[in-house]
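Q: how does the following fold in three dimensions:
(2 chains)
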Amino acid sequence: MALQLTNRSKVVSNKEQSAMEKLYLPAVFKGMSITLSHLFKKSATIRYPEQKRIMAPVYRGQHVLKRDDNGAERCTSCGMCAVACPAEAITMESAERKKGEEHLYREEKYAAKYEINMLRCIFCGLCEEACPKEAIFLTDRIVDTEFEREDFIYGKDKLVEKMTERIDVTKRQTPEVLEFKKTPGLKHNELYDGKKLKEKH
Amino acid sequence: MLAFVIYKAVLCVVIFGISLGVAAYSTWWERKFASFLQDRVGPNRAGPFGLLQPLADGGKMFFKEEIIPNVSNKFLFILGPCLFMVTACMTSVVIPWGKDFVLGGRNFAFQITDINIGVLYLLGVVSIGVYGIMIGGWASNNKFALLGAIRASSQMISYEIAMGIAVIALIITSGGTLSLHEIVEKQDAGVCNFVYQPLGFLIFFICALAETNRAPFDLAECESELVGGYHTEYSSMKLGLYLFAEYINMFISSAVMAAFYFGGYNFPFAHELYNAMGLQEGSIWISLIGFGAYFTKIVVFICLFMWVRWTLPRFRYDQLMNLGWKVLIPLSLVNLALTTLGMYYFSK
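A: Numbering: from 1, shown residues only, chains lettered A, B, ... in the order given. Now for the predicted structure:
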């Protein structure tokens, strides 16, 4: 016998059927009693749009662009997320904040256009790790189905959270993430260089 | 005469409607039943419990693009599903749905026609059904379709022999009649033919599975090796007709099995029930109650068909042929011999 990692494998046997097996009927009845027993079991189905399965606390689904507590958009259109994105799903166009728009945008520069292609996105969460302003987060919402490919390119209308229905992202802000973001002078690109990170701490 | 013609015409339309309705809802129930056996929910979006699903499926079939291959023989290509559907519907003609009843001094049979060779007619029409598959597979000009059609026809021919011999044994026990009406009436006493012919029933049931191309004998449309079998090239409602006719076949086979072996519209303590209800012999209510009992049996058989389908994997082709020729035919011959001997000794 060759080396085995588990004892689950079975040696294939090509032996002739015994007389009892050739009758088929005992095996047939056995199989039918198994299926019959399943007739009385509870179905495992989750009826999706009405019922939703409980997501893992750190589930990475559809993104949200957060506002701060005053309702101003946190995103400053730095482009870190777009750079970090391995699927190149994020594009944005920046604009300068005008006078009197302080209640709309927190920083002097903001994203006039911010698009995520949900068909390209692999929901890895690197955008939220890259974000220095804690503006983008992945949530436990599932991206809706659409008929057209264009409809999967989500603009600001779908991404920016509404003040009337704020989205809770505390689950995504794990202590490690919060701790990491507190470190002063930490450049986000160094995140991927574990050696440098260790030296700093 | 006019009343007779009108009655028969109405009965034809009603039975045609019932066959189609049962076939349509068999598709729904097949999916529902399968999902119950597999711990799922099944179709539940179209209407309550998905009850409008057959309509949605039918509508979809009509609106789908219809493709007739350029290299196919168009006449035969269209003829195939038509023939299959027509033969499927034709079998319901000889099935006795209930007791005769008297209305306005006239005697009406709850059967479209009681021909004295009903059993032969059934076997004959079922054999014609294979032409629908054969022609469809041939006209498609596709090797998979042709293989599927060849499989279907050889399978049907093989299993018809065992089925026929099992039926001969049944006819011997029911006094040599070939009329379905009389076979069912003979079981009126409360003992159904299954008691005399348990082995015969088993053979008949297995052959019925093979004749209707149901799993585990659905090699004609074996999708894992033959794409779609004989209906690979079919699309739109022509495919729908093939699939639909199979459900009609299943309905009719269930009806035939219930009539042959389980007393058709008779049920235990039927006469006691009718007496308790104060129904006269020949009342239309007796016919309708009998029809209800018959229909229940048919539904049970349809469920059995589905239960088998969602339990057993498909036979390999050589296993199918071995089972047909080397097991079922000898077994049905043994059954026939035992029946003849039994009849000979008991009738002496």
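
Q: tell me if the longest helix anywhere in chain A is near chain B.
A: If you go by DSSP state H, chain A has its longest helix at helix A:25-39. Yes. If you take C-beta under 8 Å from any C-beta of the partner chain as the test, helix A:25-39 does meet chain B, through A:28, A:31-32, A:34-36, A:38-39. C-betas here are computed from N, CA, C, even on glycine.

Q: kindly export the strand or helix carrying B:L122 (C-alpha atoms) in PDB.
A: Assigned by DSSP states H and E, B:L122 falls within helix B:118-139. Extracted in PDB, the C-alpha atoms of helix B:118-139 (Å, rounded to 0.1, in the frame of the first residue of the first chain):
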ATOM      1  CA  GLY B 118     -58.400  -3.800 -25.700                       C
ATOM      2  CA  VAL B 119     -55.200  -5.300 -24.300                       C
ATOM      3  CA  LEU B 120     -53.900  -6.000 -27.800                       C
ATOM      4  CA  TYR B 121     -54.900  -2.500 -28.900                       C
ATOM      5  CA  LEU B 122     -52.900  -1.100 -25.900                       C
ATOM      6  CA  LEU B 123     -49.800  -3.100 -26.700                       C
ATOM      7  CA  GLY B 124     -50.100  -2.200 -30.400                       C
ATOM      8  CA  VAL B 125     -50.500   1.500 -29.900                       C
ATOM      9  CA  VAL B 126     -47.600   1.500 -27.300                       C
ATOM     10  CA  SER B 127     -45.400  -0.200 -29.900                       C
ATOM     11  CA  ILE B 128     -46.300   2.500 -32.500                       C
ATOM     12  CA  GLY B 129     -45.200   5.100 -30.000                       C
ATOM     13  CA  VAL B 130     -41.600   4.000 -30.600                       C
ATOM     14  CA  TYR B 131     -41.900   5.200 -34.200                       C
ATOM     15  CA  GLY B 132     -42.200   8.700 -32.900                       C
ATOM     16  CA  ILE B 133     -38.800   8.400 -31.200                       C
ATOM     17  CA  MET B 134     -37.300   6.400 -34.000                       C
ATOM     18  CA  ILE B 135     -38.500   8.900 -36.700                       C
ATOM     19  CA  GLY B 136     -37.500  11.900 -34.600                       C
ATOM     20  CA  GLY B 137     -34.000  10.500 -34.000                       C
ATOM     21  CA  TRP B 138     -33.500   9.500 -37.600                       C
ATOM     22  CA  ALA B 139     -34.800  12.700 -39.100                       C
END
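
Q: go through that helix and flag the buried ones.
A: Neighbour-count burial for helix B:118-139, counted by 16 or more other C-beta atoms under 10 Å in any protein chain shown, picks out B:118-119, B:121-123, B:125-127, B:129-139.

Q: list the contacts for A:E102?
A: A:A72 (C-beta atoms under 8 Å, 6 or more residues apart in numbering or on different chains).

Q: how about the one 5 residues further on?
A: Contact partners of A:E107, counting by C-beta under 8 Å, 6+ apart, are A:76, A:97, A:133.

Q: can you tell me the closest non-neighbouring residue to the last one?
A: Taking C-beta to C-beta, 6 or more residues apart in numbering or on different chains, and ignoring the residues beside it in sequence, A:K133 has A:R74 as its nearest neighbour in space, at 4.9 Å.

Q: same check on A:T91?
A: For A:T91, the closest residue by C-beta to C-beta, 6+ apart turns out to be A:E115, at 5.1 Å.

Q: how about the one you found, secondary structure?
A: Of the three states, A:E115 takes strand under DSSP: H, G, I helix; E, B strand; the rest coil.

Q: if we can go back for a sec, so the residue nearest to A:K133 makes contact with A:Y110?
A: No. In this structure A:R74 lies outside contact range of A:Y110 using C-beta atoms under 8 Å: 9.5 Å.

Q: so which bits of chain A are right by chain B?
A: Close to chain B, as judged by C-beta under 8 Å from any C-beta, chain A has residues A:24, A:28, A:31-32, A:34-36, A:38-39, A:41-45, A:47.
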